[in-house]
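need a structure here:
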Amino acid sequence: MTGNGSDPVPASEDSRLVSLEERLDQAEAAEAERTAANAGPEADANYKLGNRVLAELLGGMGGGALVGWTIDHFA
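Down below sits the predicted model:
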């Protein structure tokens, strides 16, 4: 198999692979910078507000169902 040129001997890194790795590094750095801007205290405040809205909606429906069932059962 030495004469047909199919030996997997890496002579040197392909310039396309080097270019790809550089572009991936740049994209990862840009993504880290983009997501770091949204990870501040305002994101935490929005998360808290979303949890409060969810709790109000679920609690309101559950409480209303319980009060309605109680009134229907004993009235």
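
For the helix ranked longest in the chain, which residues meet the burial criterion?
Counting residues, the longest helix found in the chain (DSSP state H) is helix 41-74. By neighbour count with 16 or more other Cβ atoms under 10 Å, helix 41-74 contains no buried residues. Bear in mind the C-beta positions are built from the backbone N, C-alpha and C, glycine included.

Which other helices and strands does that helix contact?
On a contact count with 3 or more Cβ pairs under 8 Å, 6 or more residues apart in numbering; DSSP states H and E, helix 41-74 meets no helix or strand.

Mean confidence (pLDDT) on that helix, please.
The average pLDDT for helix 41-74 rounds to 91.

could you give the mean pLDDT of the helix or strand hosting Glu21?
Glu21 is part of helix 15-37 when elements are defined by DSSP states H and E. Mean per-residue pLDDT for helix 15-37: 88.

Let the chain start at 43 from now.
Sounds good: first residue 43 from here, last item helix 57-79.

Format the CA atom coordinates belonging to it as PDB.
Extracted in PDB, the C-alpha atoms of helix 57-79 (Å, rounded to 0.1, in the frame of the first residue of the first chain):
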ATOM      1  CA  SER A  57      -4.500  25.500   5.500                       C
ATOM      2  CA  ARG A  58      -8.200  25.100   5.300                       C
ATOM      3  CA  LEU A  59      -8.300  23.400   8.700                       C
ATOM      4  CA  VAL A  60      -6.200  26.200  10.200                       C
ATOM      5  CA  SER A  61      -8.500  28.800   8.800                       C
ATOM      6  CA  LEU A  62     -11.500  26.900  10.100                       C
ATOM      7  CA  GLU A  63     -10.100  26.700  13.600                       C
ATOM      8  CA  GLU A  64      -9.400  30.400  13.500                       C
ATOM      9  CA  ARG A  65     -12.900  31.200  12.400                       C
ATOM     10  CA  LEU A  66     -14.300  28.900  15.100                       C
ATOM     11  CA  ASP A  67     -12.300  30.600  17.700                       C
ATOM     12  CA  GLN A  68     -13.500  34.000  16.500                       C
ATOM     13  CA  ALA A  69     -17.100  32.800  16.500                       C
ATOM     14  CA  GLU A  70     -16.800  31.400  20.000                       C
ATOM     15  CA  ALA A  71     -15.300  34.600  21.300                       C
ATOM     16  CA  ALA A  72     -18.100  36.700  19.700                       C
ATOM     17  CA  GLU A  73     -20.800  34.300  21.100                       C
ATOM     18  CA  ALA A  74     -19.300  34.500  24.600                       C
ATOM     19  CA  GLU A  75     -19.200  38.300  24.400                       C
ATOM     20  CA  ARG A  76     -22.800  38.400  23.100                       C
ATOM     21  CA  THR A  77     -24.200  36.100  25.800                       C
ATOM     22  CA  ALA A  78     -22.100  37.800  28.600                       C
ATOM     23  CA  ALA A  79     -24.000  41.100  27.900                       C
END
